[in-house]
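1. Sequence and predicted model, in that order:
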Amino acid sequence: MSKAVFHGTVIAESQETEVVEGNHYFPPASVKQEYLQPSDTHTVCPWKGTASYYNVVVDAAVGKDAAWFYPEAKDAAKRFEGYVAFWGEVSVED
């Protein structure tokens, strides 16, 4: 079971993550959306597509752009389209 934790709060938990380039991508249904706030940040990966970001918010703690996903992934990344990955202050535990 993989868990994404931010300031002691479990943000996502799943046995069915996709591990890509060392990052765990969590299925959308396993992510607690109440802790995510849309960000205006976008980045482009040549093989995955354009990523959209979320700020992770727990109480007064904010992890700016600490979560990302590919809403319209390229063909090579379709298997984890919409899945959410984390970095920065969010720790992912196996």
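-> Perfect, thanks for sending it.

2. roughly how far apart are the residue of the chain most remote from its centre and residue 7?
-> Centroid-distance maximum for the chain: residue 60 at 19.8 Å, with C-alpha atoms, centre = their mean. To residue 7, residue 60 is 9 Å away according to C-beta to C-beta, to the nearest Å. Any C-beta I mention is one placed from the backbone N, CA and C, and that applies to glycine too.

3. Same question for residue 52.
-> Counting by C-beta to C-beta, the gap from residue 52 to residue 7 is 23 Å.

4. Check residue 57 too.
-> According to C-beta to C-beta, residue 57 and residue 7 sit 10 Å apart.

5. And those two? Which one has more around it.
-> More crowded of residue 57 and residue 7, by other C-beta atoms under 10 Å: residue 57, with 19 against 16.

6. pretty sure that one is touching residue 33, no?
-> No. Contact criterion C-beta atoms under 8 Å: residue 57 and residue 33 do not qualify, at 11.3 Å.

7. quick one, what contacts residue 3?
-> Residue 3 makes contact with 10, 12, 13, 92, 93, according to C-beta atoms under 8 Å, 6 or more residues apart in numbering.

8. Name whatever forms a beta bridge with the residue nearest to the first one when sequence neighbours are not counted.
-> Pointing back at residue 10 there. Spatial nearest neighbour of residue 10, chain neighbours left out: residue 3 (5.4 Å); criterion: C-beta to C-beta, 6 or more residues apart in numbering. Note on residue 3: beta-bridge partners residue 13, residue 93, judged by DSSP bridges.

9. from the contacts of residue 3, which single one is nearest residue 84?
-> residue 12 (6.5 Å; C-beta to C-beta).

10. Tell me who's in contact with the closest one.
-> 2, 3, 4, 26, 30, 31, 32, 84, 86.

11. Leaving out the residues flanking it, which one is nearest to the fifth one?
-> To tie it back to what came earlier, the one meant is residue 30. The shortest distance from residue 30 to any non-neighbouring residue, by C-beta to C-beta, 6+ apart, is to residue 14 (3.7 Å).

12. roughly how far apart are that neighbour and residue 40?
-> 27 Å.

13. So for these two, which residue has more residues nearby?
-> Taking other C-beta under 10 Å, residue 14 and residue 40 do not tie; residue 14 has more neighbours (18 against 7).
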